[in-house]
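Visitor: How does the following fold in three dimensions:
(one chain, ligands or ions: 2)
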Amino acid sequence: MELFPRTDFLRQDSVTRGPCLRINLREMGANMNMITIRRPDDWHVHLRDGDMLRSVVAHTARQFARAIVMPNLSPPVTDIRAGRAYRDRIVDALPEGMAFEPLITCYLTDGTDPNDLARGFEEGVFTAAKLYPANATTNSAHGVTDIANIEQALARMAGIGMPLCVHGEVTDAQIDVFDREKVFIERILAPLVERLPALKVIFEHITTEDAVRFVEEAGDTVAATITPQHLHINRNAMLAGGIRPHAYCLPVAKRERHRLALRGAATSGSPKFFLGTDSAPHTREAKENACGCAGIFNAPYALESYAAVFEEEGALDRFEGFTSEYGARFYGLPLNEETVRLEKRNCPVPETIDAAGAAIVPFHAGETLGWKFVG
Ligand code: DOR
Ligand code: ZN
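Guide: Ligands and ions are numbered 1, 2, ... in the order given. Here you go, the predicted structure:
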């Protein structure tokens, strides 16, 4: 990462790390006006299909070289044929001349055929498989009703090095929605990692200090993605002073101490934590509704949003690892060679963004962020 000095201010409070970084940060800390990093990848995104896909894909492709694309379409992407067809639709939806590589995931169901899954991975159609506990979130009705039903498929994945992306929430109606991630770790994830230590697991969009601790203490085969929203907001953003549906996503944002734990993990320099936006567009009508959809559309200003967090934490020197290196290494994919830049200047976020003939309210709507992606 190249850092370009700026002379108008020096933020001493960003100097919080060990002795050699202390020197670095004192010289560069927030004291810079440009960041140059390897082009990043988004290790978790919802690009949808049809008109919505055509409207949103460029927002992701503008900032990211590759993305792990979620398969929760209707119907979901559950086999090789559907995976190939979805990949082609994404590529077709890209604006002329825009380079972007969608990495397709296979939606696991109770009926997933381990041989078909393995063949999809070996033929390069699928980069990973996705575990949605049935009814945990948007379009997950076809998900897995009991992890025992996919044990053969998981064992096969462990054998061939195929990564498993996990939506880590139990769906038990008895469990409070704010406890569903923690209980998932206890009931499902910890036993799974114990049974299949060779399985590469990405614990996606983690939201709790329990998840941070679990990932830190697990072996090298376990990593996690962290979204911009879970680094910026706690549950008050959704519920204090009125219900704010645009701050609602799943897993839902938790208490402040969890947000702080996530910030610590993301900016720690640990290669176990990397970028995954979980950008999940829904129209304004679908969100501002008596039963509003879960999902935050953060793709248009994703890097700006993460950069704000790293700057606030005095950790811009660790930004590139999180955005552009750790994820690719974990997936066993090459690092991108190209670079992109962010400039230290105002980046106003519009109140709405047009998509598929409707309005979507993006994350940070109406705010001004302090870094701007300039390509
Ligand atoms: O908030 C979310 N939205 N969480 C998910 O797991 C799914 C996603 C969506 O597809 O809208
Ligand atoms: Zn998601």
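Visitor: Where do the helices of the stretch 251-375 of the chain begin and end?
Guide: Taking DSSP state H, counting those that start in this stretch as the criterion, the stretch 251-375 of the chain carries its helices at 256-266, 284-287, 302-312, 319-320, 326-331.
Visitor: Which residues belonging to the last one are considered buried?
Guide: So the one you mean is helix 326-331. Within helix 326-331, the residues scored as buried using 16 or more other Cβ atoms under 10 Å are Tyr326, Gly327, Ala328, Phe330, Tyr331. (C-beta placed from N, C-alpha, C; glycine too.)
Visitor: Ok, stretch 126-134 next?
Guide: Phe126, Thr127, Ala128, Ala129, Lys130, Leu131, Tyr132, Pro133.
Visitor: now do stretch 264-280
Guide: So, applying 16+ other Cβ under 10 Å, buried residues of stretch 264-280: 265-268, 270, 272-280.
Visitor: taking the mean pLDDT, what do you get for it?
Guide: Averaging pLDDT along stretch 264-280 gives 98.
Visitor: closest one to ligand 1 among the helices of the stretch 251-375 of the chain?
Guide: helix 284-287 (9.4 Å; Cβ to the nearest ligand atom).
Visitor: helices or strands up against the closest one?
Guide: strand 358-360 (3 or more Cβ pairs under 8 Å, 6 or more residues apart in numbering; DSSP states H and E).
Visitor: Please name the spatially closest residue to Cys293 (chain neighbours excluded).
Guide: His282 (4.2 Å; Cβ to Cβ, 6 or more residues apart in numbering).
Visitor: got a list of what the one you found touches?
Guide: By Cβ atoms under 8 Å, 6 or more residues apart in numbering, His282 lies in contact with Cys293, Gly295, Phe297, Ile360.
Visitor: Kindly indicate which of these lies nearest ligand 1.
Guide: Using Cβ to the nearest ligand atom, Gly295 is the member of those that sits closest to ligand 1, with 3.2 Å.
Visitor: contacting residues for Asn135?
Guide: Ala141, Gly143, Thr171.
Visitor: if we go to 6 Å?
Guide: Contact partners of Asn135, counting by Cβ atoms under 6 Å, 6 or more residues apart in numbering, are Ala141, Thr171.
Visitor: Kindly format the C-alpha coordinates of whatever helix or strand Glu181 lives in as CSV.
Guide: When elements are assigned from DSSP states H and E, Glu181 belongs to helix 180-184. Output in CSV follows, covering the C-alpha atoms of helix 180-184 (Å, rounded to 0.1, in the frame of the first residue of the first chain):
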residue,chain,number,x,y,z
ARG,A,180,-29.1,-16.8,17.0
GLU,A,181,-25.4,-16.4,15.9
LYS,A,182,-24.0,-17.4,19.3
VAL,A,183,-26.3,-20.4,19.6
PHE,A,184,-25.3,-21.4,16.0
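Visitor: Flag the helix or strand of this structure with the lowest per-element mean pLDDT.
Guide: Lowest by mean pLDDT, DSSP states H and E among the helices and strands of the chain is helix 19-27, with a mean of 35.
Visitor: other SSEs contacting the following helix or strand past that helix?
Guide: Sequence-wise, the next helix or strand downstream of helix 19-27 (DSSP H and E) is strand 32-38. Under the contact criterion of 3 or more Cβ pairs under 6 Å, 6 or more residues apart in numbering; DSSP states H and E, the helices and strands touching strand 32-38 comprise strand 2-5, strand 339-343.
Visitor: between these, which gets the lowest average pLDDT?
Guide: strand 2-5 (a mean of 45).
Visitor: thought Thr323 was touching Asp41?
Guide: No. The criterion here is Cβ atoms under 6 Å, and Thr323 misses it with Asp41 at 8.1 Å.
Visitor: Would you mind pulling the contact partners of stretch 367-375?
Guide: By Cβ under 6 Å, 6+ apart, the residues outside stretch 367-375 that reach it are 63, 303-304, 307-308, 340-343, 345-349.
Visitor: Identify each buried residue in that stretch, please.
Guide: Leu369, Gly370, Trp371, Lys372, Phe373.
Visitor: For the last one, give its distance to Ile37.
Guide: To tie it back to what came earlier, the one meant is Phe373. 10 Å (Cβ to Cβ, to the nearest Å).
Visitor: now do Cys106
Guide: In terms of Cβ to Cβ, Cys106 sits 30 Å off from Ile37.
Visitor: Among those two, which residue is more densely surrounded?
Guide: Each of Cys106 and Ile37 has its neighbours counted (other Cβ atoms under 10 Å); Cys106 has more, 28 against 22.
Visitor: Name the nearest of the contacts of stretch 367-375 relative to Arg119.
Guide: Gln63 (32.3 Å; Cβ to Cβ).
Visitor: just checking, the closest one touches Leu303?
Guide: Yes. Using Cβ under 6 Å, Gln63 is in contact with Leu303, at 5.2 Å.
Visitor: For the stretch 251-375 of the chain, what lies in contact range of ligand 1?
Guide: With Cβ under 6 Å from any ligand atom as the criterion, the stretch 251-375 of the chain meets ligand 1 at residues Ala280, Ala294, Gly295.
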